[in-house]
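Undergrad: Next input, structure requested:
(2 chains)
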Amino acid sequence: MQTLKQKRGWSLRDVIFLAIIGIFFGVIYQVWSYAYYLIAATPLKPYANDLTLGVWIMAGPLAGVLLQKAGATIIGELLAATVEMLLFSSWGAANLISGFIQGLGNELGFACTGYRNWSKLGLLFSTIGATILTFIWDWFQSGYSEYHAGLLITLLIIRFISIGFFAGVLVYWIKKLVLKTGLNK
Amino acid sequence: MLSERKKQLNATILTVIMLGIGLQIAFSRSVSLNVIVVLICLLYLLYCRTSFKKIFVMLLVAFPLALGSWWSFIMFGTGDTWHSAWIYGTRVYAYLLLGSILTMTVSVKELLISLSIHAKLSETFVYGLLASFNMLSRIRQQFKLIQYSAQMRGKNYRLWQPALYLRIIIVALHWSEDLAEAMSSQGFSEGFPRTRMFNDPLPKWQLGIAIIVLVLHFGAAFLLRPW
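TA: Residues are numbered from 1 along each chain as shown, chains lettered A, B, ... in the order given. Here you go, the predicted structure:
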């Protein structure tokens, strides 16, 4: 059982580690937001949302895969969202709530494997969890319930591709690179 | 530092209001309520003497998002498209201003310490986050350094390349170890009681305000349901 390897609780080092990664993500989000803004100022905003969602979500699964403990995903995502809110973002209060929903979606995916699989299967479940939960959230929060069915289906597919790539494939590649360097103790 | 601001709402109270109203707004469908939330938050910002320029820039930066939301419902909406357009357009600003009553009137340090005192947020998190936030400018600089050093080798790290994130993780591993060690050697021990250097009063009437605000908004949003 992998639980033997998992440390219970959070050490100061883990917190600082995730916070620093969160701040790096804050910087990355700022770079990324220029592209987002260009599309988001037009009626194509829902496309911009779903196309870039994966980037906003990847901090969570990355934290989960690196620390491999229950709760790491949701806390990692919450930290990144907090950093983003405090660095100033135009989502304001929505940051923390969406961060929680996104983290929860990913976390549920890993929980489905009993926190035993932090590789392809865990990441697949995690991306599916995040896609479904964030879509339900946007159904209410961003008013997706008011859009045409055709647009909704397109959005759902785009969303899964975006989350699948950034929070799935890319995180998997990063994990493989980290393993190669032998840094994960 | 904390005691000078007695006339403002406590950071924990602001957090409760922000999250409580924020959660309700996601499900409420009212333009007028969104506008009221925006106005009250603006008044509070003015009361706290936030600079006009800051407020103006903030409102301006969010405008494309609000416009995009508004416009997308005119184009792709079903049912009462005008109503939806205004709901989701004003909602962007409601969220923005709800966030700003916290982030623009309270410092990160005050917020974290207030949450640790009143909301029992673990001190490992509070001081870990604080330590990391103090490195904000170094982290920004490091991000540029990572990109420059790649360019020296004739490469460009893109946001979708794992190598960029590997560099970030390596930096985060080193720095978190150094920082955690430095903090322990300065006497920070995890899970032990600390001597409090800060006084962060939370009078009962402020708790009352939070409850009244949340209940009023709930009643208005889900029982009265104005346009």
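Undergrad: any idea how far B:Tyr157 is from B:Leu33?
TA: 45 Å (Cβ to Cβ, to the nearest Å). C-beta here means a position set from N, CA and C on the backbone, and glycine is covered the same way.
Undergrad: what about these two, which has more around it?
TA: Comparing B:Leu33 with B:Tyr157 by other Cβ atoms under 10 Å in any protein chain shown, the one with more neighbours is B:Leu33, at 24 against 19.
Undergrad: Just name whatever secondary elements whichever strand or helix holds A:Gly105 is in contact with.
TA: Following DSSP states H and E, one finds A:Gly105 within helix A:94-112. Packing contacts for helix A:94-112, counted by 3 or more Cβ pairs under 8 Å, 6 or more residues apart in numbering or on different chains; DSSP states H and E, involve helix A:45-57, helix A:59-67, helix A:72-86, helix A:120-141, helix B:11-27, helix B:81-103.
Undergrad: near chain B at all, the third one?
TA: Yes. For a cut-off given as Cβ under 8 Å from any Cβ of the partner chain, helix A:72-86 has contacts with chain B, namely A:Leu79, A:Thr82, A:Met85, A:Leu86.
Undergrad: Now the phi/psi pair for the residue nearest to the last one when sequence neighbours are not counted, please.
TA: Right, A:Leu86. Excluding the flanking residues, the one nearest A:Leu86 by Cβ to Cβ, 6 or more residues apart in numbering or on different chains is B:Val108, at 5.5 Å. For B:Val108, the backbone dihedrals (degrees, to the nearest 10) come out as phi -60, psi -40.
Undergrad: what about B:Val108, how many residues close to it?
TA: Residues within reach of B:Val108, counting by other Cβ under 10 Å, total 18.
Undergrad: do the same with B:Gly77
TA: Neighbours of B:Gly77 under the rule other Cβ under 10 Å: 20.
Undergrad: any idea how far it is from A:Tyr29?
TA: For B:Gly77, the distance to A:Tyr29 - Cβ to Cβ - is 28 Å.
Undergrad: Residue 179: helix or strand, and which one exactly?
TA: Let's take chain A. Per DSSP H and E, A:Leu179 falls inside helix A:171-181.
Undergrad: not what I meant, chain B
TA: Assigned by DSSP H and E, B:Leu179 falls within helix B:162-185.
Undergrad: same thing with B:Trp70?
TA: Using DSSP H and E, B:Trp70 maps to helix B:52-76.
Undergrad: Against which helices or strands is that helix packed?
TA: Counting by 3+ Cβ pairs under 8 Å, 6+ apart, the packing neighbours recorded for helix B:52-76 are helix A:12-40, helix A:45-57, helix B:31-47, helix B:81-103.
Undergrad: orientation of it relative to helix B:31-47 in degrees?
TA: 170 degrees (axes from the mean of the first three to the mean of the last three Cα atoms, to 10 degrees).
Undergrad: Any residue of stretch B:17-37 touching chain A?
TA: Yes. Contact between stretch B:17-37 and chain A is present through B:Met18, B:Leu19, B:Ile21, B:Gly22, B:Leu23, B:Ala26, B:Phe27 (criterion: Cβ under 8 Å from any Cβ).
Undergrad: Report the contact partners of the nearest residue to A:Phe24 once chain neighbours are set aside.
TA: For A:Phe24, the nearest residue in space outside its immediate sequence neighbours is B:Ile168; the separation is 4.7 Å by Cβ to Cβ, 6+ apart. B:Ile168 sits next to A:Ile21, A:Phe24, B:Phe143, B:Ile146 when contact means Cβ atoms under 8 Å, 6 or more residues apart in numbering or on different chains.
Undergrad: Rebuild the residues you listed as TSV, extending it with neighbour count.
TA: As requested, the contacts of B:Ile168 are exported to TSV (neighbours: other Cβ atoms under 10 Å in any protein chain shown):
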residue	neighbour count
A:Ile21	27
A:Phe24	25
B:Phe143	22
B:Ile146	19
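Undergrad: B:Ser32 contacts B:Trp227, doesn't it?
TA: Yes. Using Cβ atoms under 8 Å, B:Ser32 makes contact with B:Trp227 at a distance of 5.8 Å.
Undergrad: Pick out whichever of the two has more residues nearby.
TA: B:Ser32 (13 against 10).
Undergrad: Mind telling me what element the residue nearest to that one when sequence neighbours are not counted is part of?
TA: Of all residues not flanking B:Ser32 in the chain, B:Pro226 sits nearest, at 4.7 Å (Cβ to Cβ, 6+ apart). Assigned by DSSP H and E, B:Pro226 belongs to no helix or strand.
Undergrad: And B:Pro226, how far from chain A?
TA: 18 Å (Cβ to the nearest Cβ, to the nearest Å).
Undergrad: Residues touching the helix or strand that contains A:Leu152, excluding its own?
TA: The secondary structure element spanning A:Leu152 is helix A:149-163 (assigned by DSSP H and E). Applying Cβ under 8 Å, 6+ apart, the contact partners of helix A:149-163 are A:46-47, A:49-55, A:57, A:127-128, A:130-131, A:134-135, A:144, A:147, B:76.
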